[in-house]
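Chemist: sequence first, then the predicted structure, then my questions.
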Amino acid sequence: MFELRDLYQQVIVDHNKSPRNFGKLENYNHEADGYNPLCGDRLHVYLNVNSDGLIEAVSFEGEGCAISVASASLMTEAVKGTPLSEFSAKFDMFQHMVTADLEEVPDEEVLGKLAVLSGVREFPSRIKCAVLCWHTLKSAVTDSDEVAKTE
Amino acid sequence: MMFDIEKVRADFPVLDQQLYGKPLVYLDNAATTQKPQCVIDAISHYYEADNANVHRGVHTLSERATAGYEGARKIIAGFFNARCEREVIFTRGATEAINLVASSWGGANVRAGDEVLITHMEHHSNIVPWQMLCEHVGATLKVVPINAQGELIMEAFEELLSERTRLVGVVHMSNALGTINPISTIIEKAHAVGAKVLVDGAQAAAHVAVDVQALDVDFYVTSAHKMYGPTGIGVLIAKESILKTMPPYQGGGDMIRVVTFDKTEFNDLPYKFEAGTPHISGAIGFGRAIEYIQSIGFDAIEKREKELLAYATAKAEVFDGLRQIGTAREKACVLSFVLDGVHPHDLGTILDREAVAIRAGHHCAMPVMDFFKVPATARASFSLYNTEAEVDALFAALKKAQEIFA
């Protein structure tokens, strides 16, 4: 049986307790809000993309459950220093991982640490906690003024 | 009568099951209660033996369906001590009942410059319809504040009440905090300035006895599904003298006497407010649920639920890192709380794997969450079929959640 520890792995507990890249960036050229009214999760992401199209810095602020905070923290690590042009593919990859069939083994080589979040597939009501930050970052990337939602 | 917990539990078939290899502990009764076998049987029996449309046919089944539907109205009128059955209007639930009053009575009686007074602990269903009304007619929505225990500040209520107040909307028992409000005093004071009062009884009606005549309440609303009845049915109980003056809420069949293209003559109460084929099986199930409550009796129910809440509260008070949200002197059946270092939503998931069902979220009372500066709370809500052992299971599961996040 799927155990709680499979969802709340140590990496997630740790990123929830001490989220990376937390707080407002001093210099940023993209930002967006994300809100999940069901659980009250609120996120704000800041993004600094340099002239070479590289995500030089990324951070987030807000409050939410362990899954949403850890996911945001892990996301910032995953995209920091990568080309903005690769974001869309990363977004799709993450979205696929958390909604894929349970039999599908996540490709840890491609996903890296993000794979620890694949456990949310077992908890349908929690998937949106994991993807809220990605939707918010997508809004920031596209400079959407609308508050990101997961629906 | 003696309260036999095993017998009561046996009345609710859903309770007898395991989740993840552990016995189900259902502590989300404020969201909806489980249904006793007699209610399930009454609904099945209606479809198996009596199904027909009401108030129309002269055939036997239609007469049976009508008798069942109107019989339920009579049971409900008696339960709430309404003056007569004409004061009992079936709705889809408490929410629709409030919308009915806001739209029909409010539309006809609330004008620009008037005020509608509600409280900080209302469910969204007793906020939004009044907000919509006020916006529509140019009236002002005022809000009675609450204190740190989650009680209404009655001095502030009296200050906010004025000749401009057309209606006071107040929740009888808060779903998010468990607070039971002094509605009798509120009604008296509101009437003194000429305001009408709507009491939202969705949460209270299964836990405390309500006598609409003794309270002199103008509008009392509730939902069957929080009283061991089915979803999709509720009731507005209102003074006949007020209902008579109100325009219809919805137009359609059943609410008319004569229709021509020039003019429609509306039906008598309560049918004037029941357009369309009603939720017949729901009403029958509702009536049966009320008979179930009556068979146990409020003396026994209140005594039992107070014991359970006291047991749970005592455990909560000594539980490390737990902060209760809502500690009113007068409260019932609700333990709302936050736990240091564990978000309510994570708690909900972890407890579910321990087969403990609680609610995590804003409980459709976002202003209450704002007041206590929390994004959400975890809420365990008890019913007459819960046991001390289930409360123990709740706290054991909380301990497990703390360990995961330690």
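Modeler: Thanks, I have the structure now. Residues are numbered from 1 along each chain as shown, chains lettered A, B, ... in the order given.
Chemist: just the CA trace of the worst-scoring helix or strand of chain A on mean pLDDT, in PDB.
Modeler: Lowest mean confidence among the helices and strands of chain A (mean pLDDT, DSSP states H and E): helix A:4-7, at a mean of 81. These are the backbone C-alpha positions of helix A:4-7, laid out as PDB (Å, rounded to 0.1, in the frame of the first residue of the first chain):
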ATOM      1  CA  LEU A   4       2.100   8.600   3.800                       C
ATOM      2  CA  ARG A   5       5.900   8.700   3.700                       C
ATOM      3  CA  ASP A   6       5.800   8.300   0.000                       C
ATOM      4  CA  LEU A   7       4.000  11.600  -0.200                       C
END
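Chemist: quick check: buried residues in it?
Modeler: A:Leu4, A:Leu7 (16 or more other C-beta atoms under 10 Å in any protein chain shown). Every residue, glycine included, has its C-beta placed from N, CA and C.
Chemist: which residues are contacting it?
Modeler: Taking contacts as C-beta atoms under 8 Å, 6 or more residues apart in numbering or on different chains, the residues outside helix A:4-7 that touch it are A:Ile67, A:Gly119, A:Val120, A:Glu122, A:Phe123, A:Arg126, B:Thr349, B:Ile350, B:Arg353, B:Ile404.
Chemist: cool, stretch B:50-60 as well?
Modeler: The contact list for stretch B:50-60 (C-beta under 8 Å, 6+ apart) reads B:61-66, B:68-70, B:254, B:271, B:277-278, B:280-281.
Chemist: show me the two of those residues that sit farthest apart.
Modeler: B:Leu61 and B:Tyr271 (20.0 Å; C-beta to C-beta).
Chemist: looking at those two, which one has more neighbours?
Modeler: B:Tyr271 (20 against 13; other C-beta atoms under 10 Å in any protein chain shown).
Chemist: show me what contacts that one?
Modeler: B:His55, B:Asp254, B:Met255 are the contacts of B:Tyr271 under C-beta under 8 Å, 6+ apart.
Chemist: contacting residues around residue 107?
Modeler: Just so you know, I chose chain A. A:Asp107 is in contact with A:Ala115, counting by C-beta under 8 Å, 6+ apart.
Chemist: actually it's chain B I care about, not the one you picked
Modeler: B:Gly107 neighbours (C-beta under 8 Å, 6+ apart): B:Leu133, B:His136, B:Val137, B:Pro247.
Chemist: out of these, who's the most crowded?
Modeler: B:Leu133 leads those on contacts (other C-beta under 10 Å) with 23 neighbours.
Chemist: quick check: that residue touching B:Gly106?
Modeler: Yes - counting by C-beta atoms under 8 Å, B:Leu133 does reach B:Gly106; the two are 4.4 Å apart.
Chemist: what sits in contact with each of these two?
Modeler: Joint contacts of B:Leu133 and B:Gly106 (C-beta under 8 Å, 6+ apart) are B:Val116.
Chemist: circling back to that earlier point, from the contacts of B:Gly107, which is closest to chain A?
Modeler: B:Leu133 (23.3 Å; C-beta to the nearest C-beta).
Chemist: now that closest one: which helix or strand?
Modeler: helix B:128-137 (DSSP states H and E).
Chemist: I'd like to know which elements the following helix or strand past that helix is packed against.
Modeler: Following helix B:128-137 in sequence order, the next helix or strand is strand B:140-144 (DSSP H and E). The contact analysis (3 or more C-beta pairs under 8 Å, 6 or more residues apart in numbering or on different chains; DSSP states H and E) places strand B:140-144 against strand B:115-119, helix B:128-137, helix B:154-160.
Chemist: chain center to strand B:140-144, what's the gap?
Modeler: 22 Å (C-alpha atoms, centre = their mean, to the nearest Å).
Chemist: how about the one helix or strand A:Gly62 maps to, does it reach chain B?
Modeler: A:Gly62 is part of strand A:55-63, with elements assigned from DSSP H and E. Yes - residues of strand A:55-63 are located near chain B by C-beta under 8 Å from any C-beta of the partner chain, namely A:Glu63.
Chemist: how about the contacts made by the residue in the stretch 151-300 of chain B that chain A sits nearest to?
Modeler: Nearest to chain A in the stretch 151-300 of chain B, going by C-beta to the nearest C-beta, is B:Ala176, at a distance of 12.8 Å. Contacts for B:Ala176 (C-beta under 8 Å, 6+ apart) come out as B:121, B:123, B:325-326, B:334, B:336, B:362-365, B:368-369, B:377, B:379.
Chemist: so which of those reach chain A?
Modeler: Okay, of those touching chain A (C-beta under 8 Å from any C-beta), that's B:His362, B:Met369.
Chemist: could you pull out the strands for the stretch 101-250 of chain B?
Modeler: Ranges of strands in the stretch 101-250 of chain B, per DSSP state E, counting those that start in this stretch, are B:115-119, B:140-144, B:165-171, B:196-200, B:219-223, B:234-238.
Chemist: brain fart, chain A
Modeler: For chain A, applying DSSP state E gives strands covering A:30-36, A:41-49, A:55-63.
Chemist: using CSV, lay out those strands together with mean pLDDT.
Modeler: Compiled in CSV, those are given as follows (pLDDT from 0 to 100):
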stretch, mean pLDDT
strand A:30-36, 93
strand A:41-49, 93
strand A:55-63, 95
